[in-house]
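In: what would the 3D arrangement of this be:
(one chain, ligands or ions: 1)
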Amino acid sequence: MAAASASDVTNVVSGQQPGLSHVAIIMDGNGRWAKARGLPRAAGHERGVEALRRTVEAAGEIGIRYLTVFSFSTENWRRPAAEVNALFGLLKAYVQRDLARLTREGVRIRIIGQREGLPADVAALVDKAERTTADNSKFFLTIAFNYGGREEIARAARRMALAVEAGELKPDEIDETRLGHFLDTDMLPDPDLLIRTSGEYRLSNFLLWQCAYAELVFMDVLWPDFDRASLEEALAKYQERERRFGAVSPGAY
Ligand code: FPP
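Out: Numbering: from 1, shown residues only. Got it, this is the predicted structure:
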């Protein structure tokens with residue numbers, strides 16, 4: 001299959017296909033990658049961070065502006081404490097090690113999900129990453145951490161109810177656009193493309209509202225092995241799709 005390149009993305013943006021600016025990824029398969037090598041699961045997550053670094057770099061080079069990745073779901077608390085702690089540790093290490101470089105490179109970092117419940121040191125680092133990169137606008141890296149799509153929508157509904165109670169919002173004013181402003185992803189465009197690795201065919205509660213019209217690409221590659229070629233393969237699949245957003249194809253009548 002022909003690999004997509006920077007110019008292909010430009011074609012997507014300028015051609016018939018509505019532009020591709022936002023890619024979301026469910027980074028799945030770290031555990032299986034580690035198991036296949038007789039390594040602890042945490043080793044798979046560590047290699048997963050390297051795959052994330054590669055992907056951020058490749059996405060920026062290719063011309064994608066928004067990348068949103070699923071790092072820790074509200075359901076992942078069910079995993080053994082050691083694995084949960086390893087994932088917290090990796091987020092901290094990623095921010096500590098990469099923040100200065102990402103800031104220099106114009107990356108704006110946002111962490112979406114429930115902030116309450118995060119250990120204080122993780123929450124503090126996440127706040128620092130968001131503050132430090134708040135003025136950047138070249139590339140938007142959003143990390144879903146302690147995130148669940150239904151929880152995000154329920155939290156938005158609660159905040160809207162409070163706004164109504166406070167007289168700041170009228171029930172009649174609540175529509176899709178307004179609700180979108182109460183979500184963690186306010187200010188991000190909806191994903192054009194959602195990639196899930198490791199051969200699973202589920203959304204797993206990721207960006208449920210936002211992916212209403214995303215093209216879904218499922219790949220067999222395990223996340224630690226994901227690289228630029230994998231991203232280009234997904235982009236090539238995206239280009240083959242016809243996005244109709246509920247309308248009919250030109251020439252259907
Ligand atoms: C799913 O694989 C992956 C996760 C639950 C965590 C994803 C995290 C990373 C890629 C690294 C962390 C990155 C940051 C920035 C903190 P799985 O463990 O469910 O794999 P399996 O399905 O093969 O068991």
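
In: from here on, just use CA atoms for contacts and neighbour counts.
Out: OK.

In: and the residue of the stretch 51-200 of the chain that's closest to the ligand?
Out: Residue of the stretch 51-200 of the chain nearest the ligand, by Cα to the nearest ligand atom: Leu91 (3.5 Å).

In: next, count neighbours for that residue.
Out: Counted with other Cα atoms under 10 Å, residues neighbouring Leu91 total 20.

In: which residues does the spatially closest residue to it that is not a sequence neighbour contact?
Out: Excluding its sequence neighbours, the residue lying closest to Leu91 (Cα to Cα, 6 or more residues apart in numbering) is Val122, at 7.8 Å. Residues near Val122 by Cα atoms under 8 Å, 6 or more residues apart in numbering: Phe88, Leu91, Lys92.

In: which stretches of the protein form helices?
Out: Taking DSSP state H to define them, one finds helices in the chain at 6-14, 30-36, 41-62, 81-104, 120-132, 149-165, 176-181, 228-240.

In: now the longest one and helix 41-62, what's the angle there?
Out: When axes from the mean of the first three to the mean of the last three Cα atoms, to 10 degrees is applied, the directions of helix 81-104 and helix 41-62 differ by 20 degrees.

In: would you mark the buried spots in helix 81-104?
Out: The neighbour-count check on helix 81-104 (16 or more other Cα atoms under 10 Å) flags 83-84, 86-88, 90-92, 94-95, 99, 102-103 as buried.

In: give me the pLDDT value at the residue of the stretch 51-200 of the chain closest to the ligand.
Out: If you check Leu91, the pLDDT there is 96.

In: kindly report the same for Ala4.
Out: In this prediction Ala4 is given a pLDDT of 43.

In: equivalent analysis for Arg244, please.
Out: 73.
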